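[1] fold the following, please.
(one chain, ligands or ions: 2)
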Amino acid sequence: MINIENNDIYIIILLLVIVSSLIYRYLNVLRKYLKELIHVSNRVSEGDFSVKLKNQYSGDLGRLSSNFNFMISKINTNIEQLEDRNIKLKSILKSISNGIIAIDNEQKILLINDVAKKLFDNKECEFDGQKIDSVINNEAMMKAIASLIPNREHKRIQIKDKNDRYYKIKVDPVYLKSAKNVVIGSIINIEDITENVKLEKIRSDFVANVTHEIKTPLTSISGFVETLKNNDSIDIKTRNRFLDIIDMESDRLRRLIDDILVLSFIENNENEKEKYDSVNLYSVFKEVYDLTYNLAKNKNIEYKYEFSSEDINLKVNKDYIKQIFLNLIDNAIKYTPENGEISVFVIHKNNTIRISVKDTGMGIPQSDIPRIFERFYRVDKARSTKIGGTGLGLAIVKHIIISIGADIKVKSALNRGTEFIVTIKE
Ligand SMILES: Nc1ncnc2c1ncn2[C@@H]1O[C@H](COP(=O)(O)OP(=O)(O)OP(=O)(O)O)[C@@H](O)[C@H]1O
Ligand SMILES: [Mg+2]
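    Ligands and ions are numbered 1, 2, ... in the order given. The predicted model follows:
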């Protein structure tokens, strides 16, 4: 039988009281700690990484607190780094001029830049997560992409869509970093090359036209030279006529080459105002007047001119102004029949210089007006060639107008006359 004495009972009760008050205190601490932990973890899960557990405990709770705080700051730095990378990636994608789309193996869009969105022209559509064939409404483009995706190597094709726009499409497979032969998606790169293709076409048309324009006078020159060489008996009159034709055709060739050189000079030289001295428009016009006066006189064309002031000056390449006057006046005289009239008006008003070259000639059909500034374009090829044009004069004028930031307008009525108006802002 256990014999417990009264004293012992007191001691046991005392111990029990001490132990339970210790447990009570510990539980209190634990409850407070848990409450703080729940509060802090709630804030973290809401994205507030500035909170921290108060590190006022020793032992396991103290270690748990410092580990928890470390975790919060680690998550915070990781998120900041991810956000930073995301911003950089987005800025890179934004600054790429090509359309870029990243898709997964199910062809769902993971990433797409604004250029690509614009190319698909699907304004209402939400792109992220959508299957690529449901957002591309350009049939030719989708066909090309679909044919490229199954390829496991880098491939590209060039297409032309139904709106006559040209694209270069490239699809690169994306491999898993750790396993080089596992494809996890593709990067589609779409480049709009319409302007390049058009420029290329203009260039090749230009070469074809130049070749053609050179061939005609050359054939004629070599034909007459051959005839003169092989026929000693040609009378002096016929001989001189042949020589005149050779002279005229060589002159035509020289003018053609001069015009091509002028065109290429304008295309390759930006008009930097600072580079040029002030040019007096009246004196440039007078040079052109002296050059063209006889052309008009030979056709009995009345040649009038009027300047609002003889002191109109402009900081520009002098040859450019001369080319404008020369080509417009040359046309006015060429395309005006005998006894007609041409007039040149130059008005300086409100910081704007307006040059008008007007004639009473054959006029230009309305349907041809948009095309007369194209290289080698002549309204009536047979008529213009007889008059002597190569069709480069107005192309030169147009290039100069663009280069100096001016504007040109045409008003014309068939058999009544034409007016070219150049407006230059100072
Ligand atoms: N004042 C005008 N009146 C009637 N037709 C014009 C006039 N100016 C231009 N054209 C038409 O526009 C075409 C293009 O003119 P442009 O000056 O470029 O070539 P061109 O005069 O034929 O040749 P180039 O000037 O190279 O000797 C001309 O062939 C002509 O048919
Ligand atoms: Mg001309």
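[2] quick one, domains of this structure?
    6-91, 96-192, 194-268, 273-426 (automatic domain parsing).
[3] return the distance of the longest one from the chain's centre.
    On the basis of C-alpha atoms, centre = their mean, to the nearest Å, the separation between the geometric centre of domain 273-426 and that of its chain is 31 Å.
[4] for ligand 2, what's the nearest residue on the stretch 201-350 of the chain?
    Of all residues in the stretch 201-350 of the chain, N331 sits closest to ligand 2, at 4.3 Å by C-beta to the ion. (C-beta placed from N, C-alpha, C; glycine too.)
[5] correct me, but that residue touches G393?
    Yes. At 6.3 Å, N331 and G393 qualify as touching, with contact defined as C-beta atoms under 8 Å.
[6] residue contacts, the residue lying closest to K318 once chain neighbours are set aside?
    Of all residues not flanking K318 in the chain, V279 sits nearest, at 4.7 Å (C-beta to C-beta, 6 or more residues apart in numbering). Counting by C-beta atoms under 8 Å, 6 or more residues apart in numbering, V279 touches 313-318, 321.
[7] buried ones among those?
    Neighbour counting with 16 or more other C-beta atoms under 10 Å marks 313-314, 316-318, 321 as buried within the contacts of V279.
[8] hmm, back to that, possible to save the domains of the chain as a markdown table with mean pLDDT?
    Formatted as a markdown table, the domains of the chain follow (pLDDT from 0 to 100):
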| stretch | mean pLDDT |
| --- | --- |
| domain 6-91 | 88 |
| domain 96-192 | 87 |
| domain 194-268 | 90 |
| domain 273-426 | 92 |
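[9] of those, which is nearest ligand 1?
    domain 273-426 (2.2 Å; C-beta to the nearest ligand atom).
[10] near ligand 1 at all, the closest one?
    Yes. Using C-beta under 6 Å from any ligand atom, we find that domain 273-426 touches ligand 1 at 327, 331-332, 335, 359, 361-364, 372, 377-379, 384, 389-395, 418.
[11] and the strands in the stretch 201-350 of the chain?
    278-280, 302-307, 313-315, 341-349 (DSSP state E, counting those that start in this stretch).
[12] quick one on the thing from earlier: more neighbours: N331 and G393, which one.
    N331 (24 against 21; other C-beta atoms under 10 Å).
[13] in stretch 179-187, which residues are buried?
    Applying 16+ other C-beta under 10 Å to stretch 179-187 flags 185-187 as buried.
[14] what residues does the stretch 201-350 of the chain have near ligand 2?
    With C-beta under 5 Å from the ion as the criterion, the stretch 201-350 of the chain comes near ligand 2 at residues N331.
[15] ranges for the helices of the stretch 201-350 of the chain?
    236-268, 281-298, 318-334 (DSSP state H, counting those that start in this stretch).
[16] the inter-axis angle of the last one versus strand 341-349?
    Which is helix 318-334. Relative orientation of helix 318-334 versus strand 341-349 (axes from the mean of the first three to the mean of the last three C-alpha atoms, to 10 degrees): 150 degrees.
[17] who's in contact with helix 318-334?
    By C-beta under 8 Å, 6+ apart, helix 318-334 touches 262, 266, 271, 276, 279, 281, 284-285, 287-288, 291-292, 295-296, 299, 301, 303, 314, 342, 344, 355, 357-359, 361, 387-389, 393-394, 396-397, 400-401, 403-404, 418, 420, 422.
[18] now the buried members of those residues.
    With burial judged by 16+ other C-beta under 10 Å, the buried subset of the contacts of helix 318-334 is 262, 266, 271, 279, 281, 284-285, 288, 292, 296, 301, 303, 314, 342, 344, 355, 357-359, 361, 389, 393-394, 396-397, 400-401, 403-404, 418, 420, 422.
[19] so which helix or strand takes in I9?
    helix 6-45 (DSSP states H and E).
[20] what comes up buried for that helix?
    Buried residues in helix 6-45 (16+ other C-beta under 10 Å): 33, 40, 44.
[21] can I get the residues you listed in CSV with distance to D164?
    Output for these, formatted as CSV (distance: C-beta to C-beta, whole Å):
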residue, distance to D164
Y33, 72
V40, 63
V44, 57
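[22] what's the closest of those residues to ligand 2?
    When these are compared against ligand 2 (criterion: C-beta to the ion), the nearest one is V44, at 78.6 Å.
[23] list the contacts for that closest one?
    51, 72, 75.
[24] give me that answer again for 10 Å
    Residues near V44 by C-beta atoms under 10 Å, 6 or more residues apart in numbering: 50-52, 68, 71-72, 75-76.
[25] then K54?
    When contacts are counted by C-beta under 10 Å, 6+ apart, K54 is found next to 33, 36, 40, 65, 69.
[26] show me what the helix or strand in which the fourth one is found is packed up against.
    This means S65. Per DSSP H and E, S65 falls inside helix 59-95. On a contact count with 3 or more C-beta pairs under 10 Å, 6 or more residues apart in numbering; DSSP states H and E, helix 59-95 meets helix 6-45, strand 99-104, strand 109-112, helix 114-120.
[27] ligand 2: which of those is closest?
    helix 114-120 (41.2 Å).
[28] name the residues of the next helix or strand after that closest one that are buried.
    Per DSSP H and E, the first helix or strand lying C-terminal to helix 114-120 is helix 132-135. Using 16+ other C-beta under 10 Å as the test for burial, helix 132-135 gives 132, 135.
[29] got TSV for the helices of the stretch 201-350 of the chain, with distance to N86 too?
    Converted to TSV, the helices of the stretch 201-350 of the chain look like this (distance: least, C-beta to C-beta, whole Å):
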stretch	distance to N86
helix 236-268	44
helix 281-298	58
helix 318-334	51
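[30] so what's the closest residue to F68 other than its chain neighbours up against?
    Take F68 and drop its neighbours on the chain: the residue closest to it by C-beta to C-beta, 6+ apart is L53, 5.5 Å away. Listed by C-beta under 10 Å, 6+ apart, the contact set of L53 reads 33, 36-37, 39-41, 61-62, 64-69, 72.
[31] in the stretch 51-200 of the chain, what residue is nearest ligand 2?
    L199 (24.4 Å).
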